[in-house]
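# Let me see the structure of the following:
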Amino acid sequence: MWRASQFASLLETTGATWRWDHSFEEDPLEMIHDMVVRSLPYMKHIKSLKILVDQSQEVNRKSTCDLFVVLAQMKCQLQALRVVCITPFFYSGLDILQSIRKFCQQMSMGTLQVIDLKQMPFALDNVMVGLIAVSSPDLRTFLINNHAMGFIMVRPETIVDILGICPNLSTLGVTYMSLSVTVFKAMLDPKRPPFKYLDIYCSSILPHIPNEVWPAMLQRNPCFRVGLEFATEVHPTRLALILNPFIPMAALRFNGFSCLVDHLTLAAQHYSQTLEVLELSTAASSNLDAVLIELAKRCANLREVHCNCPVSLEVKKTFLSHCPKLRKYTLLTAGPFFNTFPTVYL
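Model (predicted):
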């Protein structure tokens, strides 16, 4: 539970985190008003802002919208904006999305360089993301690869337009269906800086991406990396087609697959030099333990490993002994009846 005085203390720095949830000790509306009032002197100094909101409560949604209005009125020189919805809740989010769009349009001189909306479960359409890009032409990072319900596709043509509007954009998060050969050609434009990172969310529709584009991206920038996250809807046979050795894979995330043994074998073979983050949601088995041990021995650059099912003690020991860069892991070795998976920070 946060008090207004705590927010005032946070906002004295150039970065701030605002958390709107329903766990208030006093009247929610009065508390929120007090927080905003106490924080006003510091708002114009904020450079990086992260908002965590429990969108299941109307008072929290209204508070988030009101905050964007205040920030725009204060003419803050915000450079980075991240919005995180912390509660699974079916809700269109139109009010929050419109507030973000209006805020971006009112930002003076287009100071925003980072916009991260990947943890907002609201459908982002072509008009919305296009307007955000137009109002923030100095963007370096734009993450719109969120897990939205329903089907609203951000077209490849829109991504090409965004790349033209934002010439310094070098980190992009999109869904796989938003990619095309034309998008990669725009990324490879010699007039723009080399691309650094492409964060991709793969759901049900997976267009064909030629293998040739990945070596071309690496030739432009040898440090170029890719992150892939697979939704449950992706058929396992399609995974093997996407996990090809040409991709400079830095992060792999598998959500809700019954068996990943073959795919993790491919990952260990193809991405031993580049893989840094591995997250998987699957069923425990001795075969899984065996392939994780082999992967740990091959992928020495891993920094994070997260597994939501129990693994053997040998798996944990192998990751700790063969991955010297490991800084964060979730490896439960107790038993299958535990429903919490504590994360360890090294």
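# Is residue 190 in a helix, a strand, or coil?
coil (DSSP: H, G, I helix; E, B strand; the rest coil).
# Then residue 104?
helix.
# residues near it, how many?
22 (other CB atoms under 10 Å). To be clear about C-beta, it is placed using only N, CA and C from the backbone, and glycine gets the same treatment.
# was I right about it contacting residue 138?
No. Using CB atoms under 8 Å, residue 104 is not in contact with residue 138; the gap is 11.7 Å.
# residues shared between the contacts of those two?
residue 112 (CB atoms under 8 Å, 6 or more residues apart in numbering).
# Now do the contacts for the residue lying closest to residue 139 once chain neighbours are set aside.
Once flanking residues are discounted, residue 139 sits nearest to residue 166: 4.4 Å by CB to CB, 6 or more residues apart in numbering. Listed by CB under 8 Å, 6+ apart, the contact partners of residue 166 are 133, 136, 137, 138, 139, 142.
# What helix or strand is the third one located in?
Same thing as residue 137. Per DSSP states H and E: residue 137 is located in neither a helix nor a strand.
# got the phi/psi numbers for it?
phi -70, psi -10 (degrees, to the nearest 10).
# wait, doesn't it sit right on residue 163?
No. Using CB under 8 Å as the test, residue 137 is too far from residue 163 to be in contact (11.4 Å).
# For residue 235, the count of nearby residues, please.
9.
# Mind jotting down where the strands sit in the stretch 51-200 of the chain?
80-85, 114-119, 141-143, 171-175, 197-202 (DSSP state E, counting those that start in this stretch).
# Any idea which of those gets closest to residue 232?
Closest to residue 232 of those, according to CB to CB: strand 197-202, at 10.7 Å.
# when you compare where the next helix or strand after that closest one runs with where strand 197-202 runs, what's the angle?
Where DSSP H and E defines the elements, the next helix or strand beyond strand 197-202 is helix 213-220. In terms of direction (axes from the mean of the first three to the mean of the last three CA atoms, to 10 degrees), helix 213-220 departs from strand 197-202 by 160 degrees.
# buried stuff in helix 213-220?
Neighbour counts over helix 213-220 (16 or more other CB atoms under 10 Å) mark 213, 214, 217, 218, 220 as buried.
# Mind listing what's buried along stretch 194-210?
Buried residues in stretch 194-210 (16+ other CB under 10 Å): 194, 195, 197, 198, 199, 200, 201, 202, 203, 206, 209.
# Need the contact partners of it.
118, 143, 145-147, 153, 170-177, 179-181, 184, 187, 217, 220-221, 223-231, 233-234, 238, 241-242, 250-251.
# rewinding a little: could the strands of the stretch 51-200 of the chain go into a markdown table alongside distance to residue 321 and mean pLDDT?
Compiled in a markdown table, those are given as follows (distance: least, CB to CB, whole Å; pLDDT from 0 to 100):
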| stretch | distance to residue 321 | mean pLDDT |
| --- | --- | --- |
| strand 80-85 | 34 | 90 |
| strand 114-119 | 33 | 94 |
| strand 141-143 | 34 | 97 |
| strand 171-175 | 33 | 96 |
| strand 197-202 | 29 | 96 |
